[in-house]
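> starting from these lines, generate the structure:
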Amino acid sequence: MTSGENSLQSRDIRLWKELVRGCDQALGQLMQVHFKALLNYGFKFVKDDAFVKDCIQEVFIDLWRTRERVAEPGSIKAYLLVSLRRKIMRNRRTMRFGDPSLLVPEEATFSIEFSPEWWMIEQETLARKTRMISDMLDALPARQREVVYLKYYQELSREEISAMLDIAPQTVSNLLQMAYGQLRKRFSPSAIGTLLLLLFY
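Numbers count the residues shown, from 1 in each chain. Modelled structure (predicted):
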């Protein structure tokens, strides 16, 4: 873990402790710090801005109501992400969506989309390879896509992903290896690492 990651974890732990003591400002700061990551993650399941934002708000309302009973998680970011995932899965079964295209089918859940700015890469060859990587990731099974996303976009460790998805750490490693195996059919390991970083950062 880098010093920067340590600093972010220390900040989250401090805010969590303040929240447990009843500081509503700490709750607001936690929401502000993690809102963008939560919104981005929620959009992988439901393409409805208002619905995802409502679910995020409910996660923090629930956290406030149960703050004295909830044990401090090993990773607060992972805790919030998994809480949102569960909230979305629970709420989407009872919600009626006017536009069915907004709802990612449950069996196909976890889509990865890349913002247009990624396609502004100056080197034409790199841009072409980047598109190919994106297409290949899109062809992966949903669970492999989600693990790759959590690893490279949300910067979660193998243990955090394991706890979040309720699977063994070795299963996380296996899913990543299977995803890499598909990519390695077309690219060298060093190229895969570089291109994944370009895609997700």
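> just the helices in the chain please.
3-20, 24-42, 49-65, 76-92, 124-139, 142-152, 158-165, 169-184, 189-200 (DSSP state H).
> low pLDDT regions in the chain?
Counting by pLDDT under 70, the chain contains low-confidence residues at 1-6, 94-130, 132-133, 187-201.
> got JSON lines for the helices of the chain, with mean neighbour count too?
Just so you know, the C-beta spots here come from the backbone N, C-alpha and C atoms, and that holds for glycine as well. Conversion of these to JSON lines gives the following (neighbours: other Cβ atoms under 10 Å):
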{"stretch": "helix 3-20", "mean neighbour count": "14"}
{"stretch": "helix 24-42", "mean neighbour count": "17"}
{"stretch": "helix 49-65", "mean neighbour count": "16"}
{"stretch": "helix 76-92", "mean neighbour count": "20"}
{"stretch": "helix 124-139", "mean neighbour count": "14"}
{"stretch": "helix 142-152", "mean neighbour count": "21"}
{"stretch": "helix 158-165", "mean neighbour count": "20"}
{"stretch": "helix 169-184", "mean neighbour count": "16"}
{"stretch": "helix 189-200", "mean neighbour count": "15"}
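> for the residue nearest to residue 82 when sequence neighbours are not counted, give me its contacts.
Leaving aside its sequence neighbours, residue 82 sits nearest to residue 164 (Cβ to Cβ, 6 or more residues apart in numbering; 4.3 Å). Applying Cβ atoms under 8 Å, 6 or more residues apart in numbering, we find residue 164 in contact with 78, 81, 82, 85, 150, 156.
> is it correct that the first one is in contact with residue 156?
Yes: Residue 78 is within contact range of residue 156, at 5.7 Å (criterion: Cβ atoms under 8 Å).
> chain neighbours aside, what residue packs nearest to residue 143?
Nearest residue to residue 143, sequence neighbours excluded (Cβ to Cβ, 6+ apart): residue 175, at 6.1 Å.
> and the gap between that neighbour and residue 184?
15 Å (Cβ to Cβ, to the nearest Å).
> same check, this time on residue 62
42 Å.
> now swap in residue 134 and tell me
Separation of residue 134 from residue 184 (Cβ to Cβ): 16 Å.
> just checking, residue 11 touches residue 30?
No: applying Cβ under 8 Å as the test, residue 11 and residue 30 come out as separate, 9.4 Å apart.
> residue 75 - how many residues pack around it?
By other Cβ atoms under 10 Å, the residues close to residue 75 number 19.
> hmm, residue 9 and it touching each other?
Yes: between residue 75 and residue 9 there is a contact under Cβ under 8 Å: 7.4 Å.
> what sits against residue 74?
By Cβ under 8 Å, 6+ apart, residue 74 lies in contact with 159, 160, 163.
> switch the cut-off to 7 Å
Counting by Cβ atoms under 7 Å, 6 or more residues apart in numbering, residue 74 makes contact with residue 163.
> how near is it to residue 159?
Taking Cβ to Cβ, one finds residue 74 at 7 Å from residue 159.
> right, and residue 20 touches residue 64 too?
No: counting by Cβ atoms under 7 Å, residue 20 stays clear of residue 64, with 10.3 Å between them.
> start and end of stretch 152-166, how far apart?
19 Å (Cα to Cα, to the nearest Å).
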